[in-house]
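What would the 3D arrangement of this be:
(one chain, ligands or ions: 3)
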Amino acid sequence: IESADRIYPPEYEGHFSRLLIKREEIIERATDLAKAIHNDYKGKRPVLLCVLKGAASFYLHLLEALQDLRQGFYTEFLRLSSYEGAQTSGTVKARGGLHYQDLTGKDVLIVEDIIDTGTTLSHLLPVLKREANPKSVEVCTLLTKRLQTPAKCEAKYVGFSIPNQFVIGYGLDYNELYRDLKDIWVISQKGIDFDPHKLHG
Ligand code: 5GP
Ligand code: MG
Ligand code: MG
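Numbering: from 1, shown residues only. Ligands and ions are numbered 1, 2, ... in the order given. Reported below is the predicted structural model:
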């Protein structure tokens, strides 16, 4: 049965094991986080640095909530990845290099989709601090995973702490699929095994 909050492209039928977080809950949580951020950055103009592509949806809702609070900010975007499929590759690739506006002396708030092992951020943070010379750097992540070993990097602002399962949707992908889902789901074996070439017939 499909209700309004359980909709997805029909070709994804069977690709999830369960619905984890609805978009409405995410937006609500983004509003809470925006309040905390506004409280900390009142009178400042942080650079909200969106880590593409996974954080894009969260970033948009966070910006909207900050606008409603009349919090000023700069926007910036960065593309990097440490993942191949559902396995972390351990190395972080910055695609197209690290190109920023001048961040010297600015308060930077990195906006991430998910912190898993923390490898990605533990590589990015020192590079950013060394090469961009910002006044401060903090992290806001939509998701963190509850792992046996603590992540190498922790965020100041966290949306949801989730079980150690691979999630998709609301910008998060598996091999570039599933970013188009409005909600966050746990992927199923069928979703992992799916051959995207079938979509392009
Ligand atoms: P970390 O370096 O913290 O291990 O992993 C961070 C990155 O891996 C995230 O920014 C995200 O791109 C990817 N990642 C980690 N766990 C998941 C997951 O459950 N689902 C998806 N779609 N991506 C994940
Ligand atoms: Mg990410
Ligand atoms: Mg990814």
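
anything in stretch 155-166 near ligand 1?
Yes: counting by CB under 6 Å from any ligand atom, ligand 1 has neighbours in stretch 155-166: residue 166. Every C-beta, even on glycine, is put in place using the N, C-alpha and C of the backbone.

So what touches that stretch?
20-21, 26, 29-30, 33, 36-37, 58, 86, 112, 115, 121, 138-147, 174, 186-187, 192 (CB atoms under 8 Å, 6 or more residues apart in numbering).

May I see the buried residues of stretch 119-136?
Across stretch 119-136, burial judged by 16 or more other CB atoms under 10 Å covers 119-121, 123-125, 128, 132, 134.

and if you look at stretch 47-66?
In stretch 47-66, counting by 16+ other CB under 10 Å, buried: 47-51, 53-59, 61-63, 65-66.

re the thing from before, with respect to residue 169, which of the buried residues of stretch 119-136 is nearest?
Ranked by distance to residue 169 (CB to CB), the buried residues of stretch 119-136 are led by residue 120 at 19.4 Å.

what's the next secondary structure element after the one helix or strand that closest one maps to?
Residue 120 belongs to helix 119-132 when assigned by DSSP states H and E. The first helix or strand that comes after helix 119-132 along the chain, using DSSP H and E, is strand 136-145.

My read is that residue 38 contacts residue 69, right?
Yes: proximity of residue 38 to residue 69 meets the contact threshold set by CB atoms under 8 Å, at 4.5 Å.

who's more crowded, those two?
residue 38 (16 against 13; other CB atoms under 10 Å).

Summarise which helices and strands the longest helix along the chain is packed against.
Counting by DSSP state H, the longest helix found in the chain is helix 23-41. In terms of contacts (3 or more CB pairs under 8 Å, 6 or more residues apart in numbering; DSSP states H and E), helix 23-41 is packed against helix 56-68, strand 107-115, strand 136-145, strand 157-162.

So which helix or strand of the chain has the lowest pLDDT on average?
Ranked by mean pLDDT, DSSP states H and E, the weakest helix or strand in the chain is strand 87-94, scoring a mean of 53.

Once you drop chain neighbours, what's closest to the spatially most central residue of the chain?
For the chain, the residue nearest the mean C-alpha position is residue 113 (1.1 Å; CA atoms, centre = their mean). Nearest residue to residue 113, sequence neighbours excluded (CB to CB, 6 or more residues apart in numbering): residue 54, at 3.4 Å.
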